[in-house]
Structure formats: structure tokens, C-alpha cells
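sequence and computational prediction follow.
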Amino acid sequence: MEFTALNNGVKMPMEGFGVFQVPDPVQCEQAVLDAISSGYRLIDTAAAYMNEEAVGAAIKKCGVPREELFITTKLWVQDASYEGAKKAFETSLKKLGLEYLDLYLIHQPMGDYQGAYRAMEELYKEGKMRAIGVCNCYPHVLADLCETAAVIPAVNQVELHPFFQQENALGLMKEYGVVPEAWGPFAEGNYGIFTHPVLTTIGAKYGKSAAQVALRWNVQRGVVVIPKSVHKDRMEQNMDIWDFALNGEDMAEIAKLDIGRSEIVDHSSPAFVKMLHGMKIHE
Ligand SMILES: NC(=O)c1ccc[n+]([C@@H]2O[C@H](COP(=O)([O-])OP(=O)(O)OC[C@H]3O[C@@H](n4cnc5c(N)ncnc54)[C@H](OP(=O)(O)O)[C@@H]3O)[C@@H](O)[C@H]2O)c1
């Protein structure tokens, strides 16, 4: 496992475990326990995933000291305001059963997320979290936030996989010192990624799967990856990417797979924005 240094010096693992779409508490707790025993130390949840309690239960049981874990959760759109963020953070912390978070992210730059970010800056300065950041900030949104923030976001978690590579966005993140983190590093299973001929052919040279090539490609671009799986054998496979390296030719072949846009989400669609605002996680 390799680590990256955030803009405040905090060390963050380059690979973690995501728990989106694992709402069943028993399955989620087991998945996090399996992930930690497979070597994952970064766990990525969110208030909106409705599984913070299950993640917290696994953290409590796992036997790994708290300081060796890197726990991320996210503020949901419904709570995107100064007051809302202060309250939502306390709720998440309580559900996780933690004293502090490693990383607190704004899940979507929607609603009064600037107000929410001010609250997060204060919580960060009070030592309640080791780093703060954002998700889904396209370049113009990230630039706007960075130009007004007192604390530059440490991380921007965005969709990044071989079919949506976002090289320009990575360039801007580098300029501001924001670490990119890939959600959907397998494009959520789309594009036949696990049997894709280009990824499979490259992987065969190294005795690796298409999944491992997709992850390795991102980490070699300096991107933190948080693959999700509820299967222990896949968790282990996904973690087994630290003993090989893609060469320049491999990277260039994968660069050709980019279609330049997301086919999973459309943040420019009013219907999508409306849907996210309509998703309530509490009264
Ligand atoms: N900030 C945001 O807006 C945002 C959005 C989406 C996701 N995320 C975060 O990013 C994490 C990862 O993204 P994601 O969960 O959406 O999708 P993903 O990691 O791209 O793909 C997950 C899918 O791949 C399958 N899979 C995993 N490893 C595999 C392997 N080695 N071989 C074959 N299939 C495999 C999983 O199936 P099984 O589980 O059945 O193995 C699951 O169906 C999330 O869990 C979440 O923490 C954040």
C-alpha cells in the first residue's frame, strides 16, 4: 500500500474501500470487516448511504487501532448549510461511534454548500476532522471554491475510470493541491470493464485482471481509488495491485478508452439535481 500526502501533511492511503449501495447492516458490517482483514485501512461511507452505523460497528470490532484507519464520510445535500453541516457532522460521528473523522466531504456541490464548507472549516480548525474536502466538483466549481476557501479542500472525490478520465480536472486539482479520489473506479461495472479486451490484454502481461489494471492505472495517475465489493475474493484481488506497474505504452492504450463524459450521472441535468434535492435522509 502506498500513501499520498494531503495539502496539510496528513497521510492518506492510495486505496480504500467504498460502501455505496450496501444498505443492509449485516452485509455492510461483514463487508467492512472483510475489507479491513484484506488490508484496506481507508473506508469511504456517506450519510446518504444509510450505513454509517454498520461501518461504525465494524470499526469497533475489527481489532485495528483507530489511528491506523482512515475514515471518510460525507455531508448530504439536505444538510448543505452552515447550521445543517454542524448538526449533520455530529450525527455522522455519533452513528460511526467515533471521536473524530479523518476526512469529511461535501457529497454534492448543491444547496448552500459554501455555508456548509464554512462550518466544516471551523470543525476542522477545532480538530474534529483531520481533513476536509468535496466531491463532484467540476473544474469551474472547484476553482470557485478554492478562490474563496480559508482551507483549500484536501480531496475532490469525482468519477474517474478509464472511460471518463478527466485529465483537465486532474490538472486543476494539481494546481490547487487537491488530491483526486476516484469514485466508481470500475465505472460501477459498466462498459464490460471486467472483461474489456484492452484492459484484459494489458493485464495478461502481468498476470493481473482487467479490474486490477483499471485500479493500477488510476493510482499511477496519482488518483486515490475506493473500489466497492461485497465479495472477499474480489476485495483481495482489488487490493493486489501494489506489486506491478503499467508502462508508458499501457497507459497510452488506456488513454484511448476515454469517452470524455459521464454516462452514470449528469450533474448538468435539472432532473438529476431535482432528484438529489428530493432525496431526504432524515425528517
Ligand atoms: N462521491 C460520490 O458522489 C460517489 C458516487 C459513487 C460512489 N462513491 C464511492 O465510490 C465507491 C466505489 O464506487 P461504486 O461503488 O459506485 O462502484 P465501483 O467500485 O466502480 O464498482 C462496484 C461494482 O464492481 C463490482 N466489482 C468490484 N470488484 C470486482 C472485481 N474484482 N471483479 C468483478 N466485479 C467487481 C462490484 O460487485 P460486488 O460488490 O458484487 O463484488 C460492484 O458491482 C463507492 O462504494 C462509494 O464509496 C462516491
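Great, that's in hand. Bear in mind the structure is a predicted one, so any value in this text is a computation, not a measurement. Numbering: from 1, shown residues only.

could I have the CA atoms of stretch 49-58 written out in PDB?
Output of stretch 49-58 as PDB, limited to C-alpha atoms (Å, rounded to 0.1, in the frame of the first residue of the first chain):
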ATOM      1  CA  TYR A  49     -25.500   5.500   2.100                       C
ATOM      2  CA  MET A  50     -27.500   4.900   5.300                       C
ATOM      3  CA  ASN A  51     -24.900   2.500   6.600                       C
ATOM      4  CA  GLU A  52     -22.700   4.700   8.900                       C
ATOM      5  CA  GLU A  53     -23.800   2.600  12.000                       C
ATOM      6  CA  ALA A  54     -22.800  -0.700  10.300                       C
ATOM      7  CA  VAL A  55     -19.400   0.800   9.300                       C
ATOM      8  CA  GLY A  56     -19.000   2.000  12.900                       C
ATOM      9  CA  ALA A  57     -19.800  -1.400  14.300                       C
ATOM     10  CA  ALA A  58     -17.100  -3.000  12.000                       C
END
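
can you count the residues close to residue 62?
Residue 62 has 18 neighbouring residues, counting by other CB atoms under 10 Å. All C-beta spots, glycine's among them, are computed from the backbone N, C-alpha and C.

which one is it nearest to, not counting chain neighbours?
Closest residue to residue 62 apart from its sequence neighbours, by CB to CB, 6 or more residues apart in numbering: residue 36 at 4.5 Å.

the chain against the ligand: which residues are in contact?
Counting by CB under 6 Å from any ligand atom, the chain comes close to the ligand at 18-20, 44, 107, 135-136, 157, 183-189, 194, 211, 226-231, 234, 237-238.

pull the contacting residues for the nearest residue to residue 15 once chain neighbours are set aside.
Closest residue to residue 15 apart from its sequence neighbours, by CB to CB, 6+ apart: residue 225 at 5.3 Å. Shown in contact with residue 225 (CB atoms under 8 Å, 6 or more residues apart in numbering): 14, 15, 16, 181, 182, 185, 215, 218, 219.

quick revisit: what comes up buried for the helix or strand where the residue nearest to residue 62 lies?
In this assignment (DSSP states H and E), residue 36 forms part of helix 25-37. Neighbour-count burial for helix 25-37, counted by 16 or more other CB atoms under 10 Å, picks out 28, 29, 30, 31, 32, 33, 34, 35, 36.

all helices for the stretch 51-200 of the chain, in order.
With DSSP state H, counting those that start in this stretch as the criterion, the stretch 51-200 of the chain has helices at 52-61, 82-96, 113-125, 139-148, 167-176, 197-206.

could I get the ones you listed in TSV, plus columns for mean neighbour count, mean pLDDT and distance to residue 72?
Listed next are the helices of the stretch 51-200 of the chain as TSV, based on neighbours: other CB atoms under 10 Å; pLDDT from 0 to 100; distance: least, CB to CB, whole Å:
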stretch	mean neighbour count	mean pLDDT	distance to residue 72
helix 52-61	20	98	10
helix 82-96	18	98	10
helix 113-125	19	98	13
helix 139-148	15	98	18
helix 167-176	15	98	17
helix 197-206	17	98	27
